[in-house]
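In: Fold the following.
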Amino acid sequence: MATYVKGIIAGLTTLAAWALAAWTGGWLQIAFFCVGTIPLICALFAYFYLLFNDPDRLQSERFQLTRQQYQLIGDDRHRGTTIEAASEVIPNPAIEGNAANGT
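Out: Numbers count the residues shown, from 1 in each chain. Now for the predicted structure:
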């Protein structure tokens, strides 16, 4: 389910619960108000938790992909790290077998 759909559902739940709290009284009013406040408190907790622990998760997907690209290949000022690897030629047995058969 898309993130914006979850936000819409949470918002509608909050508004409906608060509307019911406005029309009822007593302990039921308090219960509806608390139920409507739960999505708001959870969203604020998640936002501030990510703000201090992992702020990159609050960025857009495009920003994250661009940041990963710059980390891998670097930019104009800082080039990405290169991996030095020894390479050797590995013969292909299928090609060598055909050459030995004369085909």
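
In: How much space separates residue 86 from residue 92?
Out: With distances taken as Cβ to Cβ, to the nearest Å, residue 86 is found 20 Å from residue 92. Where C-beta positions appear, they are placed from N, C-alpha and C, glycine not excepted.

In: Looking at those two, which is more packed in?
Out: Neighbours per residue, other Cβ atoms under 10 Å: of residue 86 and residue 92, the larger number sits with residue 92, 9 against 4.

In: And whichever strand or helix holds residue 5, what does it pack against?
Out: Using DSSP states H and E, residue 5 falls within helix 3-23. The contact analysis (3 or more Cβ pairs under 8 Å, 6 or more residues apart in numbering; DSSP states H and E) places helix 3-23 against helix 27-53.

In: What about the closest residue to residue 11 other than its chain neighbours, how many residues nearby?
Out: Leaving aside its chain neighbours, residue 11 sits nearest to residue 39 (7.7 Å; criterion: Cβ to Cβ, 6 or more residues apart in numbering). Residue 39 has 18 neighbours, counted by other Cβ under 10 Å.

In: Contact partners for residue 39?
Out: Residue 39 makes contacts with 10-11, 13-14, as judged by Cβ atoms under 8 Å, 6 or more residues apart in numbering.

In: Would you mind checking the residues you listed for buried ones?
Out: residue 14 (16 or more other Cβ atoms under 10 Å).
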